[in-house]
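In: I need the structure of the sequence given here:
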Amino acid sequence: MTPKESLLFKDYKNAYKRFLMTIECTKYKPVNKGALLGFADLYIPKFGIEVFGCAIFEKGTHKWVTFPQKEVTDELGVKKYFSHLRFKEKSHMDAFSNAAVQAIMKKANASQAAASGRKEEQESDEEIPF
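Out: Numbering: from 1, shown residues only. The predicted model follows:
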């Protein structure tokens with residue numbers, strides 16, 4: 001690892017630590033369309049800010065989150081997307097994205113487990129013959 005890469009890695013680790021465990025997913029809506037897994041609303045307690053409509057994507061084993069985006073169609077009919085927010089440093093966006101992915105997956109798994117529990121409860125009620 002070169003000295004420059006070492007500094008970049010250190011900056012990434014520091015940024016990741018700042019965002020680690022400070023993002024909560026308040027709502028998750030699965031979509032599962034192509035690389036798009038779904039949309040999430042996030043709460044960042046450190047700043048007291050809520051961000052609505054973040055998209056979570058997956059390609060292979062890599063997952064990432066983007067801020068809400070505006071869709072614009074150019075003269076040729078090609079759709080382009082522009083974020084309303086951004087970090088100036090890529091390492092900060094990567095750290096935010098990783099922490100957000102963890103929060104969203106935690107919410108998605110909890111929602112899935114709750115739905116599974118409700119389904120099992122309904123099935124067990126149906127088995128009672130009286």
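In: all helices for this protein, in order.
Out: Using DSSP state H, the helices found in the chain span residues 3-19, 90-126.
In: any idea which of the ones you listed scores lowest on pLDDT?
Out: Here the helices of the chain differ in mean pLDDT, and the lowest is helix 3-19 at a mean of 57.
In: same question for stretch 31-43, mean pLDDT?
Out: The average of the pLDDT scores along stretch 31-43 is 96.
In: can you pull the buried residues of it?
Out: 37-43 (16 or more other Cβ atoms under 10 Å). Backbone N, C-alpha and C define where each C-beta goes, glycine included.
In: Likewise for stretch 64-71?
Out: In stretch 64-71, the ones that count as buried by 16+ other Cβ under 10 Å are 64-67.
In: of all those, which two lie farthest apart?
Out: Farthest pair in the buried residues of stretch 64-71 (Cβ to Cβ) is Trp64 and Phe67. Separation: 11.2 Å.
In: Which pLDDT does the model give Ser83?
Out: Ser83 is given a pLDDT of 92.
In: Report the contact partners of Phe39.
Out: 28-29, 31, 53-56 (Cβ atoms under 8 Å, 6 or more residues apart in numbering).
In: Closest one of those to Gln102?
Out: The closest of those to Gln102 turns out to be Ile56 (Cβ to Cβ; 10.9 Å).
In: Just list whatever residues bridge to the closest one.
Out: Applying DSSP bridges to Ile56 yields these beta-bridge partners: Gly38, Val65.
In: now do Lys70
Out: Residues in beta-bridge contact with Lys70 (DSSP bridges): Phe82.
In: All set now, cheers.
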